[in-house]
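*Asks:* compute the structure for the input listed below.
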Amino acid sequence: MKVEQIYTGCLAHGAYYIVSNGEAAIIDPLREVAPYVEQAKKDNAKIKYVLETHFHADFVSGHLDLAKQSGGKIVFGPNAKPDYEAHVAEDGEILPLGNVKIKVLHTPGHTMESTTFLLIDEDGKEHSIFTGDTLFIGDVGRPDLAVKTDLTQEDLASHLYDSLHGKILTLPDDVIVYPGHGAGSACGKNMSKETFDTLGNQKQVNYALRAESREAFIKEVTDGLLPPPAYFPENVRMNKQGYDSIDDVLDRGLQALAPNEFEQVANATGALVLDTRSADEFAKGFIPKSVFVGIDGSFAPWVGALIPDITQKILVVAEEGREEEVVTRLARVGYDHAIGFLKGSFAAWEAAGKETDSVTSISATEFASRKKADNVKVVDVRKQNEYLSQHVEEAINAPLDYINDHMDKFDNSADAYIHCAGGYRSMIAASVLKARGVHNLVNVEGGFKAIAETDVAKSAEVCPSTLV
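*Replies:* Numbers count the residues shown, from 1 in each chain. Presented below is the predicted three-dimensional model:
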């Protein structure tokens with residue numbers, strides 16, 4: 001028996017590969033499924049099951065493509081009603097896999113179809129649990145993503161309490177917990193950077209498992225939940241109803257367009273131009289009205305947060321050689337409508353004499369000098385908790401997550417000095433604002449981390465201020 005965790009940091013997502021005696025199971029696969037198929041071939045194994053812990057909200061699973069390519073059977077737990085052929089298992093059902101067994105544990109609460117898969121090894125020992133979004137390392141799944149008119153988040157939290165205490169906490173302490181996500185995922189609020197642990201240790205350190213009563217648990221897990229990203233419901237719909245093959249998505253998105261053709265297609269289709277180069281390169285020059293989300297940052301979550309329409313046509317500007325990576329990572333979160341990329345990247349656009357734009361940037365030292373000399377407008381696009389921890393005096397907080405909701409607060413009457421923690425998010429915000437016609441922006445290089453090294457940081461406040 002072999003268990004492999006396949007962790008994807010940019011999504012904070014864990015998929016799992018289990019193989020025993022020539023048979024394999026894949027749990028919660030990513031959209032691009034070739035690596036799973038290749039791994040099974042290397043192990044001379046047949047993929048027997050494609051196990052889905054629930055209808056995911058934060059990414060589009062590769063279960064349909066993987067089942068089609070491998071012949072494996074898609075398996076959900078009780079209450080799942082997919083719009084395609086799949087096996088909906090019963091609670092307690094045993095799925096044989098080579099010399100081991102996988103037991104289906106229905107664990108509703110995060111969603112009502114949420115299921116944990118318990119791996120029982122060759123000796124009949126309970127070895128590990130694959131918990132999806134039911135139990136994380138340091139946290140549990142948020143109970144507000146499957147709310148119906150007759151089912152509140154408190155109802156779901158109560159179901160989650162029963163699932164944890166009735167199905168999971170009764171297992172031996174040495175059982176390994178393999179969760180669906182780690183730190184950085186929006187599916188929880190207190191996840192550890194560790195990607196697996198023993199159940200016994202989680203009983204000791206996980207705040208939700210230490211709650212003294214059902215009421216205390218419900219209060220703990222529902223307190224402080226931020227609104228989920230706008231793309232979450234669309235990902236659930238795609239995972240439940242189906243989607244285009246990843247091969248079709250790549251064929252559509254990897255159309256190389258010379259500058260003139262790129263411009264013509266943009267004008268004809270109304271496609272959003274998405275620039276995925278580094279923040280420094282984007283600041284120097286970019287196609288007017290394009291939006292920056294750098295591929296080397298938290299790419300997919302920020303695309304999902306800032307492009308509300310998942311069916312939006314997208315034209316890509318990428319570092320040469322990384323176009324397929326960009327289109328693939330867009331598809332991971334359901335943005336399947338990339339229709340081409342700029343051949344030769346931005347250098348080709350410049351060489352063709354096309355119109356360009358740029359973002360004015362200054363050092364934190366220069367910002368400090370201007371801040372002390374004048375009452376400049378400062379916009380902090382970090383999350384509210386970061387801002388409340390410490391911020392520049394009189395800075396306005398406009399979290400990047402909700403920048404689309406606050407466009408009416410910005411104008412061109414005076415320069416606005418914009419920063420985040422390190423520079424990535426502020427460049428995204430600057431691109432969104434400039435695309436909407438707000439051009440009097442000055443980006444502070446290095447963000448608050450750099451500002452904190454200057455004299456102006458001495459006037460940082462630790463008390464709340466009015467939010468934009």
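*Asks:* residues in contact with the residue nearest to the spatial centre of the chain?
*Replies:* Closest to where the C-alpha atoms of the chain average out (C-alpha atoms, centre = their mean) is P301, at 3.9 Å. Counting by C-beta atoms under 8 Å, 6 or more residues apart in numbering, P301 touches L11, D58, G184, A186, P229, V333. Every C-beta, even on glycine, is put in place using the N, C-alpha and C of the backbone.
*Asks:* max pairwise distance over those residues: which two?
*Replies:* Put simply, by C-beta to C-beta the two of the contacts of P301 set farthest apart are G184 and V333, 13.7 Å from each other.
*Asks:* between these two, who's got more neighbours?
*Replies:* Under the criterion of other C-beta atoms under 10 Å, the comparison of G184 against V333 puts V333 first, with 27 against 15.
*Asks:* quick check: L118 is in a strand.
*Replies:* Yes - using DSSP: H, G, I helix; E, B strand; the rest coil, the secondary structure at L118 is a strand.
*Asks:* list the residues that contact the closest residue to it other than its chain neighbours.
*Replies:* Nearest residue to L118 in three dimensions, chain neighbours excluded: K103, at 4.2 Å (C-beta to C-beta, 6 or more residues apart in numbering). Shown in contact with K103 (C-beta under 8 Å, 6+ apart): G92, E93, I94, L95, F117, L118, I120.
*Asks:* buried set for the helix or strand hosting K103?
*Replies:* Using DSSP states H and E, K103 sits in strand 100-106. Residues of strand 100-106 classed as buried by neighbour count (16 or more other C-beta atoms under 10 Å): V100, K101, I102, K103, V104, L105, H106.
*Asks:* ditto for stretch 353-370
*Replies:* For stretch 353-370, a neighbour-count test (16+ other C-beta under 10 Å) marks V359, S361, A364, F367, A368, R370 as buried.
*Asks:* cool, stretch 77-87 as well?
*Replies:* Buried, per 16+ other C-beta under 10 Å, within stretch 77-87: G77, P78, A80, P82, A86.
*Asks:* and of those, the nearest to F282?
*Replies:* Using C-beta to C-beta, P82 comes nearest to F282 of the buried residues of stretch 77-87, at 40.1 Å.
*Asks:* quick one: the nearest residue to the closest one once chain neighbours are set aside from N79, how far?
*Replies:* Spatial nearest neighbour of P82, chain neighbours left out: K240 (5.7 Å); criterion: C-beta to C-beta, 6+ apart. Distance, K240 to N79, using C-beta to C-beta, to the nearest Å: 12 Å.
*Asks:* next one: R237
*Replies:* Distance, R237 to N79, by C-beta to C-beta: 17 Å.
*Asks:* coming back round to it: got the contact list for the residue nearest to P82?
*Replies:* Taking C-beta under 8 Å, 6+ apart, we find K240 in contact with F55, K81, P82, D83.
*Asks:* if we can go back for a sec, can I have the helix or strand harbouring the residue nearest to the centre of the chain written out in PDB, keeping just the CAs?
*Replies:* Assigned by DSSP H and E, P301 belongs to helix 299-306. Provided in PDB are the C-alpha atoms of helix 299-306 (Å, rounded to 0.1, in the frame of the first residue of the first chain):
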ATOM      1  CA  PHE A 299      -3.200  33.600  -8.600                       C
ATOM      2  CA  ALA A 300      -6.400  31.500  -8.800                       C
ATOM      3  CA  PRO A 301      -8.100  32.900  -5.600                       C
ATOM      4  CA  TRP A 302      -7.500  36.500  -6.700                       C
ATOM      5  CA  VAL A 303      -8.900  35.800 -10.200                       C
ATOM      6  CA  GLY A 304     -11.900  34.300  -8.500                       C
ATOM      7  CA  ALA A 305     -12.300  37.200  -6.100                       C
ATOM      8  CA  LEU A 306     -11.900  40.000  -8.700                       C
END
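*Asks:* my guess is H439 contacts S413, does it?
*Replies:* No - between H439 and S413 there is no contact under C-beta atoms under 8 Å: 11.7 Å.
*Asks:* neighbour count winner among those two?
*Replies:* Neighbour totals were compared for H439 and S413, and H439 leads with 13 against 8 (other C-beta under 10 Å).
*Asks:* for that one, helix, strand, or coil?
*Replies:* coil.
*Asks:* and the pLDDT for the spatially closest residue to it that is not a sequence neighbour?
*Replies:* In space, and not counting its chain neighbours, H439 is closest to N412: 6.3 Å by C-beta to C-beta, 6+ apart. pLDDT for N412: 81.
*Asks:* how about N412, what does it touch?
*Replies:* Contact analysis of N412 by C-beta under 8 Å, 6+ apart lists G437, V438, H439, N440.
*Asks:* can you give me the neighbour number for the last one?
*Replies:* Spelled out, it's N440. Neighbourhood size, N440 [other C-beta under 10 Å]: 15.
*Asks:* assign E366 to helix, strand or coil.
*Replies:* Under three-state DSSP, the three-state class of E366 is helix.
*Asks:* could you check how far stretch 67-77 is from the centre of its chain?
*Replies:* Relative to its parent chain, stretch 67-77 has a centroid offset of 24 Å by C-alpha atoms, centre = their mean, to the nearest Å.
*Asks:* what distance separates the start and the end of that stretch?
*Replies:* One end of stretch 67-77 sits 17 Å from the other (C-alpha to C-alpha, to the nearest Å).
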